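**Q** test case, fold it:
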Amino acid sequence: MINALLIVIDLIAALLLILTILLHAGRGGGLSDMFGGPGGGSMGGSTVVEKNLDRITVLMALVFFFTTVVLGLRLD
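**A** Got it, this is the predicted structure:
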């Protein structure tokens, strides 16, 4: 039962991680262009949306990492 729950959490985290990585700006504007364009940034050059997207991406990466490690240890 716990393994099934961990697998579901791992799959959801993986999909959300893929989504958040694809939303990041590459050479073009990415998400920041959709919400305010290049001039909409703050003094540091990053918008609030980009900073929050970074935080969500890191959180999803941590959840994915830990669930994968726990699943690897439990399935042995």
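**Q** correct me, but residue 13 touches residue 60?
**A** Yes. Counting by CB atoms under 8 Å, residue 13 does reach residue 60; the two are 5.4 Å apart. C-betas here are computed from N, CA, C, even on glycine.
**Q** list the buried residues of the helix or strand containing residue 7.
**A** Taking DSSP states H and E as the criterion, residue 7 maps to helix 2-23. Neighbour-count burial for helix 2-23 flags 6, 9, 10, 13, 16, 17, 20, 23 (criterion: 16 or more other CB atoms under 10 Å).
**Q** top helix in the chain by residue count?
**A** Taking DSSP state H as the criterion, the chain has its longest helix at helix 48-74.
**Q** elements contacting that one?
**A** helix 2-23, helix 31-34 (3 or more CB pairs under 8 Å, 6 or more residues apart in numbering; DSSP states H and E).
**Q** how about the ones you listed in TSV, adding distance to residue 52?
**A** Converted to TSV, these look like this (distance: least, CB to CB, whole Å):
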stretch	distance to residue 52
helix 2-23	10
helix 31-34	10
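**Q** least reliable of those going by mean pLDDT?
**A** Lowest mean pLDDT within these: helix 31-34, a mean of 58.
**Q** one step back: need the residues that contact the helix holding residue 7.
**A** With contact meaning CB atoms under 8 Å, 6 or more residues apart in numbering, helix 2-23 is reached by 30-31, 53, 56-57, 60-61, 63-64, 67-68, 70-71, 74-75.
**Q** isn't residue 53 up against residue 46?
**A** No. With contacts counted by CB under 8 Å, residue 53 stays clear of residue 46, the gap being 9.7 Å.
**Q** what about the two, which has more around it?
**A** Shown here are residue 53 and residue 46; by other CB atoms under 10 Å, residue 53 has more neighbours (20 against 14).
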